[in-house]
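*Asks:* give me the fold of what follows.
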Amino acid sequence: MECINAWLFSLRYGKKLKIFSFSGLPTGYEVTPMRDVPTDKIVEFFSRQPEEAFEFFKPHGFDMKSIKRLQRNRAFLGYMLLDTENGNIAGYCFNRCFFHGVGYRGRMVDVAYRGEGLGTAMNKLLNEVGFGIGLRLFETVSKDNVASYRSALSASKVKVVKEMPHNELYLEILPD
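*Replies:* Numbering: from 1, shown residues only. Got it, this is the predicted structure:
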């Protein structure tokens, strides 16, 4: 199913995907498509995150095989936020897209870079890409994950679609 979705998504949106300027990017950082970053470097990024970072963030596997599969998937628009000073991965974000015009966004900031507004910057980047190609964007966020919750609300205009079990909200991200 994933292959069919990727193929149909590529047919529908492939020409709309372009290099975005990412106007809201903090100084000292650059964005690189996930497929252009060595897989082992991405796996290492996830492995150095504390266990608590994965309490609310479980969108896919974090092993070599899972990351390679995501890098090949044309409907998975993954990006790595790189610290230009030392080349470290400071953050990871994605829009998981579907050919029928819907995308789900997610992000993770490296433990060493938290508190610098990078989550909010990545949310804005994901909005720019998603809305730029014509997607409706959604996200689930737990009210218990305070940093992610605040980031989602400060970076975007949102509508609560549904309150879910375990204090989670299903949000539609609205264009500004």
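
*Asks:* all contacts plus neighbour counts: C-alpha atoms, from now on.
*Replies:* Will do.

*Asks:* now the element after the biggest strand by length in the chain, going C-ward?
*Replies:* The single longest strand within the chain, with elements called by DSSP state E, is strand 89-98. Using DSSP states H and E, the next helix or strand after strand 89-98 towards the C-terminus is strand 102-109.

*Asks:* buried sites along that next one?
*Replies:* Across strand 102-109, burial judged by 16 or more other CA atoms under 10 Å covers G103, Y104, R105, G106, R107, M108, V109.

*Asks:* tell me the gap between that strand and the middle of its chain.
*Replies:* In terms of CA atoms, centre = their mean, to the nearest Å, the centre of strand 102-109 is set 3 Å apart from its chain centre.

*Asks:* likewise stretch 143-162?
*Replies:* The answer for stretch 143-162 is 14 Å, by CA atoms, centre = their mean.

*Asks:* what's in contact with that stretch?
*Replies:* The contact list for stretch 143-162, computed with CA atoms under 8 Å, 6 or more residues apart in numbering, reads 56, 119-121, 123-124, 127, 141-142, 167-176.

*Asks:* in helices only, show me the residues you listed.
*Replies:* G119, T120, A121, N123, K124, N127 (DSSP state H).

*Asks:* V43: which of the residues you listed is nearest?
*Replies:* Nearest to V43 among these: G119, at 19.5 Å, using CA to CA.

*Asks:* strand 102-109 and the helix or strand bottoming out on mean pLDDT in the chain, what's the angle between them?
*Replies:* Lowest on mean pLDDT, DSSP states H and E among the helices and strands of the chain sits helix 146-155, with a mean of 82. Helix 146-155 runs at 130 degrees relative to strand 102-109, counting by axes from the mean of the first three to the mean of the last three CA atoms, to 10 degrees.

*Asks:* these two touch, right, A75 and H100?
*Replies:* No - A75 is beyond contact range of H100, at 11.3 Å (criterion: CA atoms under 8 Å).

*Asks:* now list whatever residues contact both of these two.
*Replies:* Common neighbours of A75 and H100 (CA under 8 Å, 6+ apart) are F9.

*Asks:* the two - which one has more neighbours?
*Replies:* A75 (25 against 12; other CA atoms under 10 Å).

*Asks:* next, the closest residue to that one other than its chain neighbours: secondary structure please.
*Replies:* Counting by CA to CA, 6 or more residues apart in numbering, A6 is the residue found nearest to A75 once chain neighbours are left out, at 4.6 Å. Here A6 is helix, with the state taken from DSSP: H, G, I helix; E, B strand; the rest coil.

*Asks:* right, I'll leave it there.
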